[in-house]
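Peer 1: Need the 3D shape of this:
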Amino acid sequence: MNKKQRNSRIIYSTHPDFVYDDENETVETPEPDKQKLIIRLDRKQRRGKKVTLIEGFLGNDNDLKDLAKTLKTKCGVGGSAKDGEILIQGNFRKKTEQILSGMGYNCKISGV
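Peer 2: A predicted model of the protein is given here:
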């Protein structure tokens, strides 16, 4: 669960049996063949610089960051991963599609 979704407004309770449950719910990452990733080229709000954007990843943040690290290493560029999206610096749509397909993900290039 994201920090935005968690109810962090509880400050104090007068109920004697109240227990604040702050467990981090682990989100299971579906198998790669059950995920549908969309790969597109993005330039908006990036001062004209091209970025390969991979959207639609379902799962926890650690798996997202591991996938992003693999893609960045194989493409030889930088990037970031957050909120279910992976940013790869530059135009690497075809290369990321080949890498993701080889890993078993269902992916599609959008906006060709």
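Peer 1: Now do the residue of the chain most remote from its centre, the pLDDT please.
Peer 2: Residue farthest from the centre of the chain, counting by C-alpha atoms, centre = their mean, is P16 at 40.7 Å. If you check P16, the pLDDT there is 82.
Peer 1: What is the neighbour count of the closest residue to M103 other than its chain neighbours?
Peer 2: Counting by C-beta to C-beta, 6 or more residues apart in numbering, M103 lies nearest to P32, which is 5.8 Å off, once chain neighbours are set aside. For every residue, glycine as well, the C-beta is placed using N, CA and C. P32 has 16 neighbours, counted by other C-beta atoms under 10 Å.
Peer 1: How about the residue most central in space within the chain: what's its closest non-neighbour residue?
Peer 2: Note on the chain: the residue nearest the mean C-alpha position is G84, at 2.6 Å, using C-alpha atoms, centre = their mean. Closest residue in space to G84, ignoring its immediate chain neighbours: F57 at 4.9 Å, by C-beta to C-beta, 6+ apart.
Peer 1: Repeat that for I54.
Peer 2: I86 (4.2 Å).
Peer 1: what's the burial count for the one you found?
Peer 2: Quick note: I86 (other C-beta under 10 Å) scores 25 neighbours.
Peer 1: going on from the helix or strand hosting it, what's the next piece of helix or strand?
Peer 2: Using DSSP states H and E, I86 sits within strand 85-89. The helix or strand immediately downstream of strand 85-89 is helix 93-103, counting by DSSP H and E.
Peer 1: got the CA coordinates for that next one in PDB?
Peer 2: The C-alpha trace of helix 93-103 is given here as PDB (Å, rounded to 0.1, in the frame of the first residue of the first chain):
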ATOM      1  CA  ARG A  93      11.400   1.400 -27.700                       C
ATOM      2  CA  LYS A  94      12.400  -1.500 -29.900                       C
ATOM      3  CA  LYS A  95      15.300  -2.600 -27.700                       C
ATOM      4  CA  THR A  96      13.200  -2.600 -24.600                       C
ATOM      5  CA  GLU A  97      10.400  -4.500 -26.400                       C
ATOM      6  CA  GLN A  98      12.900  -7.200 -27.400                       C
ATOM      7  CA  ILE A  99      14.300  -7.400 -23.800                       C
ATOM      8  CA  LEU A 100      10.900  -7.500 -22.200                       C
ATOM      9  CA  SER A 101       9.600 -10.100 -24.700                       C
ATOM     10  CA  GLY A 102      12.600 -12.200 -24.000                       C
ATOM     11  CA  MET A 103      11.800 -12.000 -20.300                       C
END
